[in-house]
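>>> Have a look at this fold, sequence not included:
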């Protein structure tokens, strides 16, 4: 009996790669950069399964290029805004993702960025390397304190809650606003219970006005695209710090540049940008008060091995005709397909 044919748009880690290669006839894209549109359309042809990354745009044309034998799309990421879910559902194709496994890694990295931006770590490191450090003085690279400061979380899902738990250890006041709420506040209190953290729900404008640190943890939706814009920055404290580990389009980057350049806000740290990678001539890269890193919030060995394994499990389950362990369009099961 022949094995199912699958295409992997990038090499995944061993915990997922071996099961896929054992079960499937797998072709793996070996380039350093993702396959371009034409390459993706070519290699997906005739495949029964597709394992992709968030850098791959999987739309109706890609699904049709694969043909009627495509049984499953496994996205090795939590977010699935790179996959046309309505198109997949209309074709009866379950789409899998990898939720939960990167929560702690991303929450840890969020705090790394918060602290690096607030305490000007990268700016100081550059100063040392460039020979700009001449002596110690009381006013060198003054930054923001954490103890007693207010942390505003935009989005209060798994990662937002994990950041809240960490912030408690720093003695921070925690508030949140959630454009896509999963858990409503307790009636009459405005406070959502979270083990190890007490976070109070407020409206978005209040969060902007009161927060010393604003950290973004919301998925990319029509509501959140461009959420952090000129109007939002105008409501923030001039001493505030913005961190984005969610999705690049949540932040209006030209507006952020103006806010940072004019010192409307103190600093920003971005793990995600538009586009990725950010062009070397981006105005944001000219600013000392802006830290930009290459989308590595989940880049711990443990998190990425788990992501690879979960992506493989979703792929193999779909090829077997079984329900995906983590399916983002479960309506494909038990329905009459067009």
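The structure has been received and is ready for your questions. As the structure is a prediction and not an experimental result, all values here were calculated from the model.

>>> how about the strands in the stretch 51-200 of the chain?
Shown for the stretch 51-200 of the chain, the strands assigned by DSSP state E, counting those that start in this stretch span residues 72-75, 95-96, 150-154, 173-177, 191-194, 197-201.

>>> Out of the ones you listed, which is closest to residue 254?
strand 150-154 (19.5 Å; C-beta to C-beta). (Glycine included, C-beta is placed from N, CA and C.)

>>> so what strands line up beside the closest one?
The strands beside strand 150-154 in its sheet (DSSP bridges) come out as strand 173-177 (parallel), strand 213-216 (parallel).

>>> Off-centre distance for that strand?
17 Å (C-alpha atoms, centre = their mean, to the nearest Å).

>>> angle of that strand against strand 197-201?
Angle, strand 150-154 to strand 197-201, by axes from the mean of the first three to the mean of the last three C-alpha atoms, to 10 degrees: 70 degrees.

>>> Quick check: residue 240 touching residue 215?
No - counting by C-beta atoms under 8 Å, residue 215 is not a contact partner of residue 240; they are 10.9 Å apart.

>>> where do the helices sit along this structure?
Applying DSSP state H to the chain gives helices spanning 14-23, 37-43, 60-66, 85-90, 103-118, 121-130, 158-169, 204-210, 230-235, 253-261, 301-320.

>>> do you know which of these lies nearest residue 290?
helix 253-261 (5.5 Å).

>>> what about the strands of the stretch 51-200 of the chain, which gets the closest to residue 102?
The closest of the strands of the stretch 51-200 of the chain to residue 102 is strand 72-75. By C-beta to C-beta, the value is 13.1 Å.

>>> List of residues touching that closest one?
In this structure, residues lying in contact with strand 72-75 by C-beta atoms under 8 Å, 6 or more residues apart in numbering are 48-54, 58, 63, 82-83, 88, 93-98, 311-312, 314-315, 317-319, 324.

>>> hmm, 7 Å instead?
49-52, 54, 58, 82-83, 88, 93-97, 311, 314-315, 318-319 (C-beta atoms under 7 Å, 6 or more residues apart in numbering).
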